[in-house]
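K.L.:
I would like to see how this sequence folds:
(one chain, ligands or ions: 1)
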Amino acid sequence: GSAAASFVGSRRAILRSLGDGGPDHPDVVVDLNSSNFDRVLSASPASFAVVEFFAHWCPACRNYKPHYEKVARLFNGPDAVHPGNVFMTRVDCAEKMNTKLCDRFSISYFPMLFWGPPSKFASGRWVPKQENNEIQNIDDGRTAERLLNWINKKLGSSFSFDDEKYENENVAQSNDSDVGQVARAIYDVEEVTANAFDIILDHKMIKSETRAPLIKFFQLLVAHHPSKRCRQGTAEILVNFDELWPSGVLSNNSEFTIISQDKDPRKSFQICGKEVPRGYWIFCRGSRNDTRGFSCGLWVLLHSLSVRVSDGESHTAFVVICDFIHNFFVCDDCRRHFYEMCSRVSNPMNTTREFALWVWSTHNSVNERLMREENDLGNGDPKFPKMIWPSRHLCPSCYLSQSKKINGTIQINWRREEVFNFLVNYYGKTLASSFRDTIIHDSGVGDSMIDDLVSSANAVAVPIGAALAIAVASCSFGALACFWRTKQKNRKYSHHLYPLKNV
Ligand SMILES: Cc1cc2nc3c(=O)[nH]c(=O)nc-3n(C[C@H](O)[C@H](O)[C@H](O)COP(=O)(O)OP(=O)(O)OC[C@H]3O[C@@H](n4cnc5c(N)ncnc54)[C@H](O)[C@@H]3O)c2cc1C
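P.N.:
Numbers count the residues shown, from 1 in each chain. You can find the predicted model right below:
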């Protein structure tokens with residue numbers, strides 16, 4: 001009796017240490033099935049995915065579950081130690097709906113594990129003994145340790161279960177690390193966009209006086225957001241804007257009441273698609289819980305917009321961004337400081353260069369101020385001290401000569417032309433370089449006009465005004481949009497377009 005009891009006890013202890021669900025060990029493995037498999041995998045920011053095919057009735061799978069989840073906790077979920085590296089998922093082949101999916105991967109036993117780039121899973125299949133398959137069968141993953149070893153061999157990494165949250169290679173880099181790091185920031189730009197929209201809804205910030213600035217900001221996003229998913233999602237919201245937030249119902253300074261209470265707009269409109277927000281930061285991840293993240297993502301969004309607008313749009317975009325921060329950035333100090341700097345601009349911005357350099361130098365003024373503050377208060381992120389950016393290390397050619405300290409402030413002689421080139425390359429091309437920018441039309445009603453509209457992957461040029469005009473003229477977003485459009489036909493068209501020229 002007592003031997004059996006202690007056996008059960010120790011087995012529990014082992015299970016606990018491996019993680020058997022519960023509040024300390026949440027199950028962060030992403031469950032996939034035939035209806036979301038392709039979409040979720042193709043939207044994953046991770047470089048690699050593991051897919052476990054199992055059957056819920058299989059006892060070996062049940063025993064394996066805590067092992068698999070222990071590995072998954074390193075990579076998945078808000079508390080992941082190494083987010084964005086490996087996406088850990090599973091498919092229950094005992095579910096009828098998944099039969100075809102499991103056949104696609106020639107599942108011959110449970111659990112059966114595969115490894116490959118997420119996008120290859122999304123479009124792929126696996127056939128035994130076929131060479132050059134980008135999807136590989138994981139033949140040695142029977143315990144948590146062995147699976148992690150297998151992954152480490154593939155990645156050339158040394159991930160360990162002892163790694164602590166935040167103390168990891170993702171933050172061993174700093175602001176000053178290599179140029180390619182910013183390629184991962186595209187996911188943070190999506191994350192910040194979705195978070196900002198959530199905040200706007202949560203705080204009921206759409207009021208009669210903030211409605212127009214928001215519409216204009218959305219127009220800017222439709223035309224120039226670096227992520228196609230976000231361009232499309234924003235276009236959808238824009239097309240439905242009048243329906244969701246009718247101007248007549250909004251009163252000054254009072255919160256907006258959702259007309260039909262059971263229809264919370266956020267439930268039907270995801271500004272960057274279904275997979276975002278993901279709940280974690282990659283490029284903008286701080287070494288402490290309360291640093292970086294959102295505000296870092298917001299800066300990256302602003303910079304990436306600034307290098308994408310055309311010369312002719314630059315002043316409008318400047319005003320739109322100033323108004324957006326002023327009305328919707330809930331950090332009060334930040335928005336006041338920023339707006340002050342906006343107000344100091346007396347001449348219109350004539351070029352993309354002027355605008356992008358303004359955002360850059362404004363950001364540096366903030367950095368400079370925070371450098372002092374964080375020094376005094378010790379509340380900065382120790383791994384990401386504020387600095388004047390870009391460092392000599394990042395952009396040697398941006399510096400004209402040795403910088404001097406005059407009255408305690410650093411005076412740098414910038415080569416502004418080089419800084420601009422650097423910004424365009426960094427926040428333009430490099431930011432979007434490794435991005436798998438797929439849109440899967442859930443409704444199946446693809447529309448070439450909207451695709452054209454949102455498909456400009458880099459610094460190109462759908463004039464902002466045209467973006468909404470095209471969006472409005474299209475029925476690609478399903479019944480609601482068509483309904484809206486039909487209704488608009490009888491109204492004064494221009495009133496609803498908010499042409500940016502009139503900012
Ligand atoms: C509009 C705005 C106003 C803000 N105002 C305040 C404020 O008044 N007080 C306050 O405490 N916090 C303010 N913040 C927050 C603060 O600026 C930082 O975002 C936050 O402290 C996180 O810092 P970070 O280390 O992630 O780097 P961030 O400053 O957020 O920068 C993000 C990344 O951008 C790059 N970068 C840095 N400088 C530049 C530059 N000059 N040009 C281009 N790229 C650059 C770096 O790669 C950096 O890691 C503001 C944020 C925003 C978006």
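
K.L.:
Poorly predicted segments of the stretch 51-200 of the chain, please.
P.N.:
131-132, 164-178 (pLDDT under 70).

K.L.:
tell me which element Val51 is part of?
P.N.:
strand 48-54 (DSSP states H and E).

K.L.:
What is that strand packed up against?
P.N.:
helix 59-75, strand 86-92, strand 112-116, helix 118-123, helix 144-155 (3 or more CB pairs under 8 Å, 6 or more residues apart in numbering; DSSP states H and E). Yep, even glycine has a C-beta here, placed from its N, CA and C like the rest.

K.L.:
doesn't Glu209 make contact with Asp323?
P.N.:
No: using CB atoms under 8 Å, Asp323 makes no contact with Glu209, being 10.6 Å away.

K.L.:
How about Ile321: what's its closest non-neighbour residue?
P.N.:
Counting by CB to CB, 6 or more residues apart in numbering, Ile321 lies nearest to Leu302, which is 6.1 Å off, once chain neighbours are set aside.

K.L.:
Which strand or helix spans that neighbour?
P.N.:
helix 294-306.

K.L.:
Show me what that helix is packed against.
P.N.:
helix 185-202, helix 208-224, helix 314-328, helix 352-377.

K.L.:
For it, output the C-alpha coordinates as PDB.
P.N.:
Extracted in PDB, the C-alpha atoms of helix 294-306 (Å, rounded to 0.1, in the frame of the first residue of the first chain):
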ATOM      1  CA  PHE A 294       4.200  48.800 -26.800                       C
ATOM      2  CA  SER A 295       6.000  52.100 -26.900                       C
ATOM      3  CA  CYS A 296       9.000  50.600 -28.700                       C
ATOM      4  CA  GLY A 297       6.600  49.100 -31.300                       C
ATOM      5  CA  LEU A 298       4.900  52.500 -31.700                       C
ATOM      6  CA  TRP A 299       8.200  54.100 -32.600                       C
ATOM      7  CA  VAL A 300       9.000  51.400 -35.100                       C
ATOM      8  CA  LEU A 301       5.600  51.900 -36.600                       C
ATOM      9  CA  LEU A 302       6.100  55.600 -36.900                       C
ATOM     10  CA  HIS A 303       9.500  55.200 -38.500                       C
ATOM     11  CA  SER A 304       8.300  52.600 -40.900                       C
ATOM     12  CA  LEU A 305       5.400  54.800 -42.000                       C
ATOM     13  CA  SER A 306       7.700  57.800 -42.400                       C
END
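
K.L.:
Is that helix positioned near the ligand?
P.N.:
Yes: Helix 294-306 reaches the ligand (CB under 6 Å from any ligand atom) through Ser295, Cys296, Leu298, Trp299, Val300, His303.

K.L.:
circling back to that earlier point, any idea how many residues pack against the residue nearest to Ile321?
P.N.:
Neighbour count of Leu302, defined by other CB atoms under 10 Å: 22.

K.L.:
Same check on Glu340?
P.N.:
9.

K.L.:
How about Glu313?
P.N.:
Residues near Glu313, counting by other CB under 10 Å: 22.

K.L.:
Kindly provide the distance from it to the ligand.
P.N.:
As judged by CB to the nearest ligand atom, to the nearest Å, Glu313 and the ligand stand 20 Å apart.

K.L.:
Go ahead and confirm Val366 touches His337.
P.N.:
Yes: counting by CB under 8 Å, Val366 does reach His337; the two are 7.0 Å apart.

K.L.:
which parts of this protein sit against the ligand?
P.N.:
So the chain meets the ligand at 175, 284, 292, 295-296, 298-300, 303, 325, 333-334, 337-338, 360, 363-364, 366-367, 370, 381, 384, 389 (CB under 6 Å from any ligand atom).

K.L.:
I'd like to know which of those are buried.
P.N.:
175, 284, 292, 296, 298-300, 303, 325, 337-338, 360, 363-364, 366-367, 381, 384 (16 or more other CB atoms under 10 Å).

K.L.:
So what's the residue count around Leu377?
P.N.:
Around Leu377 there are 9 residues (other CB under 10 Å).

K.L.:
related to what we said a few turns ago, got the contact list for the helix holding Leu302?
P.N.:
182, 185, 188-189, 191-193, 195-196, 220-221, 224-226, 281, 283-284, 286, 317, 321, 329, 331, 334, 352, 355-356, 358-360, 363, 423, 427-428, 431 (CB atoms under 8 Å, 6 or more residues apart in numbering).

K.L.:
what's the answer for stretch 94-107, then?
P.N.:
Residues contacting stretch 94-107 (CB under 8 Å, 6+ apart): 33-35, 37, 51, 53, 55-58, 91-93, 112, 114, 124-128, 135.

K.L.:
Poorly predicted segments of the stretch 401-503 of the chain, please.
P.N.:
402-404, 408-410, 434-503.

K.L.:
from it, which residue is nearest to the ligand?
P.N.:
Per CB to the nearest ligand atom, Leu423 is where the stretch 401-503 of the chain lies closest to the ligand, at 6.6 Å.

K.L.:
That residue and Val307 touch, don't they?
P.N.:
Yes: using CB under 8 Å, Leu423 and Val307 qualify as a contacting pair, with a distance of 5.6 Å.

K.L.:
Now render the helices and strands packed on helix 294-306 as TSV, adding distance to Phe161.
P.N.:
Listed next are the helices and strands packed on helix 294-306 as TSV, based on distance: least, CB to CB, whole Å:
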stretch	distance to Phe161
helix 185-202	25
helix 208-224	41
helix 314-328	41
helix 352-377	33
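
K.L.:
Quick one: low-confidence residue ranges for the stretch 201-350 of the chain.
P.N.:
If you take pLDDT under 70 as the line, the stretch 201-350 of the chain has these spans: 248-267.
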